[in-house]
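Enquirer: structure, please.
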Amino acid sequence: MKTKIIAYFLLFFINTAVALSCYYYPVTRDQFFYLDKHNLINPFTEYYNAYLYSNPRINQFFTNIISRTKWVEVVFGIIIFNSFFSILFLNIYRRLPRFSEITDVGRFLIFTAFFIFLINYFGEMFYYTPFNTNYTLSHVFYLFYIFILTDYYQDKNEDFIGKFPPLFIIILGIYIGMSNEHIPPVLLAFSFFAAAFYTLKNKKLPNYKVITLNLSLFVGYLILFFAPANKVKEKMVNKSPFEISLKEYGYNIMTIFKSYYYYNAELIVLSVIVMILAVLYFKKIKTHQKIIGRILIYLALIVFSLAIVGLSPLIGTRLLFFSTILIIIVMYELIRRIINNLYVKKILSGMAFVWLLIFFSVSIFATFTANKNSERVLQEITKKSNSTKDVVLKQGFQYFIPELGKFNRKILLENGDVYIDKNPAHNTSQEQNIIYYYRIKSISHK
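Expert: Next up, the predicted model:
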């Protein structure tokens, strides 16, 4: 009974913490574009313009809507947090969590703690609206897609996909295809090889709904790939992804490994430990043939996704999110098979609960403090813009708390100190949005 009360309290607490962290998350990077909350633009017109000139990804449509209303950001943050970890639960335990059952609540919390411990940029993917819409939301559906295919091809279950009407499957496929340039090709390759293997083995084509899902994804990706905005971006950087040299590609691959070293040191260390344990306990693991098969699928997806990300001119943490998720799932699946001692499990569960309590308490504190700094700077701009068109601030944005060290990065995307510089003649993109919103000529700080 005591464990049940603690688990449900913790589930309530972390959802409250997510809501508060989303609410207090400071104005960050692209969010300066949405400073004007009142002059609402038709979302369909705005996305159409984005498709033509700036960002053709389908989730930009939702970013434009959600980023303009604080309470919508909060509600969406709670939904995306629970949806994401529920889909991870679905892929691991092959069903959605039943929150009425204490066992599932415990599993949900333990995996959530495991995931957050290994992701050193959690805040930007779950609190920062331009990323939790354009990336985290997409990954909910990527993981759902992977579950559908592994459920059909590996678990040989035709009932799950059979529950969905064809129209839903078509919309789902097109949506996934239009969500991102890097991951849909990985999912398409997985779909092709799985379908080819199934056809050769069974002498028949896969279920028509599976084929419809695959083709819809392909159509969606073509709509994204040939978007006019991509040509605009290529002209801006004067380069196409297909023009990358072998030397540049090698440099990008090295950048990927450096990013993992810098942002996910715990992940690398634990991966090595788990691999050693997997070798030592291979006899115990090999009895779970389906798990081994699924792990091999995940590993293939990881390698292929990293190979495609290497073609990108810019390598960022958000582009590595897909591969990182799958690495964490692989490790968790192996650890579940290796650790059977009940006493050890109880200790690890207790540590997970304490970690969640600490992390989300710090999350509230860090976002609240950063929000105070953001409001102070914006209030100073408001006050000074009433008397002068050339605003000079006492100090710019400073979101990080020195005492938290690297923990700041786990919650906040960046410090914000580069948003406003000392040169009034040079305008960053954030300064341009501030100048436009406050109707001033220049902005700088002392």
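
Enquirer: check contacts around the residue nearest to the spatial centre of the chain.
Expert: Residue closest to the mean C-alpha point of the chain, counted by Cα atoms, centre = their mean, is residue 136 at 3.1 Å. By Cβ atoms under 8 Å, 6 or more residues apart in numbering, the contact set of residue 136 is 80, 84, 125, 126, 321. From N, CA and C alone the C-beta is placed, and that goes for glycine too.

Enquirer: list the contacts for the third one?
Expert: For residue 125, the contact set (Cβ under 8 Å, 6+ apart) comprises 119, 131, 132, 135, 136, 318, 321.

Enquirer: can you add pLDDT, secondary structure and distance to residue 224 and give these back as a markdown table?
Expert: A markdown table is the format used below for the contacts of residue 125 (pLDDT from 0 to 100; DSSP: H, G, I helix; E, B strand; the rest coil; distance: Cβ to Cβ, whole Å):
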| residue | pLDDT | secondary structure | distance to residue 224 |
| --- | --- | --- | --- |
| 119 | 91 | coil | 26 |
| 131 | 92 | helix | 18 |
| 132 | 92 | helix | 20 |
| 135 | 93 | helix | 15 |
| 136 | 95 | helix | 18 |
| 318 | 83 | helix | 17 |
| 321 | 93 | helix | 18 |
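
Enquirer: longest helix anywhere in this structure?
Expert: helix 342-385 (DSSP state H).

Enquirer: which other helices and strands does it contact?
Expert: Contact analysis of helix 342-385 by 3 or more Cβ pairs under 8 Å, 6 or more residues apart in numbering; DSSP states H and E lists helix 2-24, helix 102-118, strand 390-393, helix 407-411, helix 429-438 as its packing neighbours.

Enquirer: try it again with 10 Å
Expert: The elements that helix 342-385 packs onto, with contact taken as 3 or more Cβ pairs under 10 Å, 6 or more residues apart in numbering; DSSP states H and E, are helix 2-24, helix 102-118, helix 122-126, strand 390-393, helix 407-411, helix 429-438, strand 442-445.

Enquirer: out of these, which gets nearest to residue 258?
Expert: helix 407-411 (15.4 Å; Cβ to Cβ).

Enquirer: before we move on, back to that, so the longest helix of the chain versus helix 102-118, what angle?
Expert: Inter-element angle recorded for helix 342-385 and helix 102-118: 60 degrees (by axes from the mean of the first three to the mean of the last three Cα atoms, to 10 degrees).

Enquirer: nearest to residue 155, of the contacts of residue 136?
Expert: Distances from residue 155 to these, taken by Cβ to Cβ, are shortest for residue 84, at 22.1 Å.

Enquirer: related to what we said a few turns ago, need the contacts of residue 136 in JSON lines (columns: distance to residue 225).
Expert: Below are those laid out as JSON lines (distance: Cβ to Cβ, whole Å):
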{"residue": "80", "distance to residue 225": "26"}
{"residue": "84", "distance to residue 225": "26"}
{"residue": "125", "distance to residue 225": "25"}
{"residue": "126", "distance to residue 225": "28"}
{"residue": "321", "distance to residue 225": "21"}
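
Enquirer: the helix or strand of the chain with the lowest mean pLDDT: which residues count as buried?
Expert: Within the chain, confidence by mean pLDDT, DSSP states H and E is lowest for helix 228-237 among all helices and strands, at a mean of 76. Buried positions in helix 228-237, judged by neighbour count with 16 or more other Cβ atoms under 10 Å: 229, 230, 233.

Enquirer: for stretch 66-81, same thing?
Expert: 66, 67, 68, 73, 74, 76, 77, 80, 81.

Enquirer: if I've got this straight, the third one is in a strand?
Expert: Going back to what we said before, that points to residue 68. No. Going by DSSP: H, G, I helix; E, B strand; the rest coil, the assignment for residue 68 is coil, not a strand.

Enquirer: these two touch, right, it and residue 36?
Expert: Yes. Between residue 68 and residue 36 there is a contact at 8.1 Å, judged by Cβ atoms under 10 Å.

Enquirer: quick one on the thing from earlier: return the most buried member of the helices and strands packed on helix 342-385.
Expert: Ranked by mean neighbour count, the helices and strands packed on helix 342-385 are led by helix 122-126 with a mean of 23 (mean count of other Cβ atoms under 10 Å).

Enquirer: and the gap between the residue of the chain most remote from its centre and residue 440?
Expert: Here the centre of the chain is the reference, and by Cα atoms, centre = their mean the most remote residue is residue 387, at 42.3 Å. Using Cβ to Cβ, to the nearest Å, residue 387 is found at 11 Å from residue 440.

Enquirer: before we move on, the earlier item: can you give the distance from the longest helix of the chain to the centre of its chain?
Expert: Taking Cα atoms, centre = their mean, to the nearest Å, the mean C-alpha location of helix 342-385 is offset from the chain mean by 18 Å.

Enquirer: what does stretch 56-66 give?
Expert: With Cα atoms, centre = their mean, you get 15 Å for stretch 56-66.

Enquirer: what does stretch 5-23 give?
Expert: 20 Å.

Enquirer: any idea which of the contacts of residue 136 is the one closest to residue 112?
Expert: residue 84 (9.4 Å).

Enquirer: and the gap between the residue lying closest to residue 420 once chain neighbours are set aside and residue 428?
Expert: Once flanking residues are discounted, residue 420 sits nearest to residue 396: 4.1 Å by Cβ to Cβ, 6 or more residues apart in numbering. Computed as Cβ to Cβ, the residue 396 to residue 428 distance reads 10 Å.
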